[in-house]
Every structure is written in C-alpha cells, then in structure tokens.
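Participant: Turn this into a structure:
(chains A and B)
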Amino acid sequence: DTAVSQTPKYLVTQMGNDKSIKCEQNLGHDTMYWYKQDSKKFLKIMFSYNNKELIINETVPNRFSPKSPDKAHLNLHINSLELGDSAVYFCASRRGTRITEAFFGQGTRLTVV
Amino acid sequence: GEDVEQSLFLSVREGDSSVINCTYTDSSSTYLYWYKQEPGAGLQLLTYIFSNMDMKQDQRLTVLLNKKDKHLSLRIADTQTGDSAIYFCAEISSSASKIIFGSGTRLSIRP
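Facilitator: Next up is the predicted model:
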C-alpha cells in the first residue's frame, strides 16, 4: 500500500499548456505539502495545507493553484506552463503541524518543452 | 531566518565511515531529520533526533547534535554501495508549519 501517491510520475508538455498533478495520502494525515526540486536537487516548499486550508504559500507564482478537495488529497494545477517550471514536484503529508515526520510521494518529473 | 546548509559532495571508500555534516540557523528547532533520496526516487526518512538529545544511534547510523553550534551530523558506519544517494538534513520551522531542507549531500562510494 502506497502511503503518499502522486500521478502522473512523468509529465512532458509544451509551453503555455495547463496541467495538473494529483496527490493522495492514505495515512489519515491532516497536513499536506507540495515541494519543488530543481535540477540542482534543491528542495523548496511551495504550499502547505492543514485540514484543507492553505497555511503556507511561499511566493509561488499564481499560475500554480493547489486544490484540496478533502484531507486526503492535495492537487496542483499549473496554468500557462513555462520552461522554468521543469522540475520534480513532491507531495508530502504529515500528522498535524507539530513535530512529526513527513512522508513523501515518489515525485512527478515535469518537463516543459 | 531559517536556513539549513550542507556540503554538496562526499566521496568515501567502501567499508569506511561516512560523515555528513549540516548546520542550521533556527535555534528553536525541536526536531531535526535526515532523509535519503536514491536516484529517481522520493525522499525516505532515515532517522530523526529531538533537540533535547545529543546523540541517537540506529544500527549503522549515528546522529550527533551540537545544539550550541547548531550543528548536526550523520555518520554511516561500514558504508556500502547501496548507501550511494543524496542525503538531506531538514528541520521543522519554529512555527512547526514547514520542513526546511538543506541542499543535500551527494554521497558516492568508491571501491
């Protein structure tokens, strides 16, 4: 059983397109995140949701819009894709906002051409 | 602000010990992690340490925390080829709302 699953694993698309990445966790966690990992492997937080409410938005362009239909899902929609959006996007979840470990999905490698 | 720093590369001989170092700035961090990322894979939690501990040992892994210097290290004993990966140090922000990662240390093993 996969704890945090993301789909798709790979996404290749043209500039200007709109795409979505889905994330689901079956751990019963109430905090979920999106992280972006660039080509140098740096990991930067993008968004954090707790109980379906946005609690962190780290100055991400508004072309990126997270949506949390319920506590188990946090999807990422990206409008008007740009070359610089190419990266690996990781979803993660954690129990509460206190000091517990975060579980990560396998990542979605997005390539914009 | 919150910042976590690591050296980018480490090369060790198979069978030797590897020591990966990390410094952080948030003195109110209560929980520090080490994650491992193998090529093409997600992040796997290796171990963690509470800020009121100096050391934690878990099989081949030893974590040392120097809270005064805000320095964290991960020692891997008897390093094997399967240990080749990127190792990320991470801390929980003081607001406990986000996990802040270091740049990652790429560990390579030579025969």
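
Participant: mind listing what's buried in stretch A:78-86?
Facilitator: Buried residues in stretch A:78-86, defined by neighbour count with 16 or more other Cβ atoms under 10 Å in any protein chain shown: A:Ile78, A:Leu81, A:Asp85, A:Ser86. Heads up, the C-betas are built off the backbone N, CA and C, glycines and all.

Participant: Quick one: name the residues of chain A near chain B.
Facilitator: A:33, A:35, A:40-43, A:45, A:48, A:50, A:55-56, A:90, A:92, A:94, A:97-107 (Cβ under 8 Å from any Cβ of the partner chain).

Participant: Please indicate which of those residues are buried?
Facilitator: Neighbour counting with 16+ other Cβ under 10 Å marks A:33, A:35, A:41, A:43, A:45, A:48, A:50, A:56, A:90, A:92, A:94, A:97, A:99, A:101-107 as buried within the residues of chain A next to chain B.

Participant: Out of the residues of chain A next to chain B, which sit inside strands?
Facilitator: Under the assignment DSSP state E, these contribute A:33, A:35, A:43, A:45, A:48, A:50, A:55-56, A:90, A:92, A:94, A:102-104 to strands.

Participant: Check those and tell me the two furthest apart.
Facilitator: Greatest spatial distance in those: A:Leu43 and A:Asn50, 19.8 Å, computed using Cβ to Cβ.

Participant: Surely A:His73 and A:Cys23 touch.
Facilitator: Yes: look at A:His73 against A:Cys23 with Cβ atoms under 8 Å: they come within range, at 6.6 Å.

Participant: Tell me which of the two has more neighbours.
Facilitator: Between A:His73 and A:Cys23, counting by other Cβ atoms under 10 Å in any protein chain shown, A:Cys23 is the more crowded of the two (25 against 16).

Participant: just to revisit the earlier point, for the ones in strands among the residues of chain A next to chain B, could you give me a markdown table that also reports pLDDT?
Facilitator: Output for those, formatted as a markdown table (pLDDT from 0 to 100):
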| residue | pLDDT |
| --- | --- |
| A:Tyr33 | 93 |
| A:Tyr35 | 95 |
| A:Leu43 | 93 |
| A:Ile45 | 91 |
| A:Ser48 | 90 |
| A:Asn50 | 86 |
| A:Ile55 | 83 |
| A:Ile56 | 81 |
| A:Phe90 | 96 |
| A:Ala92 | 94 |
| A:Arg94 | 88 |
| A:Ala102 | 84 |
| A:Phe103 | 89 |
| A:Phe104 | 91 |
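
Participant: Show me where the chain dips below the pLDDT cut-off.
Facilitator: Looking at chain A here, since you left the chain open. A:1, A:96-99 (pLDDT under 70).

Participant: that's the other chain; I wanted chain B
Facilitator: B:1-2, B:29, B:93-96.

Participant: Identify the bridge partners of the residue sitting nearest the centre point of chain A.
Facilitator: With distances taken as Cα atoms, centre = their mean, the residue of chain A nearest its centroid is A:Trp34 (3.1 Å). Beta-bridge partners recorded for A:Trp34 (DSSP bridges): A:Phe47, A:Cys91.
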